[in-house]
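Engineer: The amino acid sequence is not available; the structure is as follows:
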């Protein structure tokens, strides 16, 4: 019993907020993260310290390259604090909910308090930004393709919405997909093409990890880190060049999205509604017939008893 007390005290201290002298800043940390926040975000900081390890484990398992240093998370209560928390950057777009700095190993997040009427899930934003951190550190010294950087971040944060499915479906069925090499250095500036670029990147990363294989994805990352040659890393990691991978991905994509217009069409919805109505009617009729037979059986039984 005497040995258990120090262990319990140590575990409690890991999750007790520590105040930085004179700043009003509070700290929480676990084995891999240090979270800096202010009073009012205590619950969110506790949620991050609780969920961050599992998210980190998932991201590192997909990338295949780990690092030992603790990542710093800065949780900002206002837009002004959010801008001031950026290391080496003074301008941040107003819509940004989080920013990652792989070289400094820092993530800056906006508290929901800093975004009026926000429904943003900060833990999901953290997963997106930590993916940038982990990939940036794994590929330090080489240019990370935008389709890889953003696609993996979306994949890890599970950012797959109906609007993105719709954009990708329309583009796929009308042959208006953006070629992947075009998405290597940048994404389009216009809203709709940019949304398509994000959706394509997400689906291509999902294809690489789940269909080509996680081991192949690991080889791709390690090879690109070692040699800095994306074309060679793709070929040695997956056994295919980007053009061949894209061709296989397009087949995979059309199989995934070709059914969506069918199940979302008006005629299909009416057909499903009709099936539900017919099923309900048949069920009610079966129940009525069953009750009728029970009543007939009861009447026959009463008649037999009266005759007896």
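Structural biologist: In hand now; what should we look at? Quantities reported herein were computed from a predicted structural model and do not represent experimental measurements.
Engineer: Run through the neighbouring helices and strands of the helix or strand containing residue 163.
Structural biologist: Per DSSP states H and E: residue 163 is located in helix 162-173. When contacts are defined as 3 or more Cβ pairs under 8 Å, 6 or more residues apart in numbering; DSSP states H and E, helix 162-173 packs onto helix 191-207, helix 242-257, helix 260-264. Glycine gets a C-beta too; all of them are placed from N, C-alpha and C.
Engineer: most packed of these?
Structural biologist: helix 191-207 (a mean of 20; mean count of other Cβ atoms under 10 Å).
Engineer: Using neighbour counts, pick out the buried residues of whatever helix or strand comes next after that one.
Structural biologist: Towards the C-terminus, the helix or strand next in line after helix 191-207, according to DSSP H and E, is helix 214-227. Judged by neighbour count (16 or more other Cβ atoms under 10 Å), helix 214-227 contains these buried residues: 216, 217, 218, 219, 220, 221, 222, 223, 224, 225.
Engineer: quick one, helix 214-227 and helix 191-207 angle?
Structural biologist: Orientation check (axes from the mean of the first three to the mean of the last three Cα atoms, to 10 degrees): helix 214-227 against helix 191-207 gives 110 degrees.
Engineer: Could you shift the numbering so residue one becomes 12, and keep it that way?
Structural biologist: Taking 12 as the first residue, the last one we looked at is helix 225-238.
Engineer: Residue 241: neighbouring residues, count only.
Structural biologist: Other residues near residue 241 come to 18 when the count uses other Cβ atoms under 10 Å.
Engineer: now for the helix or strand hosting residue 138, which elements pack on it?
Structural biologist: Using DSSP H and E, the element containing residue 138 is helix 133-149. Other elements packing on helix 133-149 under the criterion 3+ Cβ pairs under 8 Å, 6+ apart are helix 53-74, strand 82-87, strand 109-112, strand 117-121, helix 157-168, helix 225-238.
Engineer: Okay, domains of this structure per the record?
Structural biologist: 30-149, 153-292 (automatic domain parsing).
Engineer: The residue lying closest to residue 78 once chain neighbours are set aside: what's it in contact with?
Structural biologist: Once flanking residues are discounted, residue 78 sits nearest to residue 148: 5.0 Å by Cβ to Cβ, 6 or more residues apart in numbering. Taking Cβ atoms under 8 Å, 6 or more residues apart in numbering as the contact definition, residue 148 lies against 76, 78, 113, 116.
Engineer: Near the second one, how many other residues are there?
Structural biologist: When you say that, I think you mean residue 78. 15.
Engineer: for the first one, same thing?
Structural biologist: Neighbouring residues of residue 76 were enumerated by other Cβ under 10 Å; the total is 15.
Engineer: gap between it and residue 157?
Structural biologist: 19 Å (Cβ to Cβ, to the nearest Å).
Engineer: ok, now residue 43?
Structural biologist: 27 Å.
Engineer: Over to residue 242?
Structural biologist: Residue 242 is 16 Å from residue 157, by Cβ to Cβ.
Engineer: same check, this time on residue 113
Structural biologist: Taking Cβ to Cβ, one finds residue 113 at 14 Å from residue 157.
Engineer: likewise residue 148?
Structural biologist: Taken as Cβ to Cβ, the span from residue 148 to residue 157 is 17 Å.
Engineer: before we move on, what about residue 35?
Structural biologist: Plainly put, residue 35 is 38 Å away from residue 157 if you go by Cβ to Cβ.
Engineer: Equivalent analysis for residue 55, please.
Structural biologist: Distance from residue 55 to residue 157, by Cβ to Cβ: 30 Å.
Engineer: Equivalent analysis for residue 195, please.
Structural biologist: Distance from residue 195 to residue 157, by Cβ to Cβ: 6 Å.
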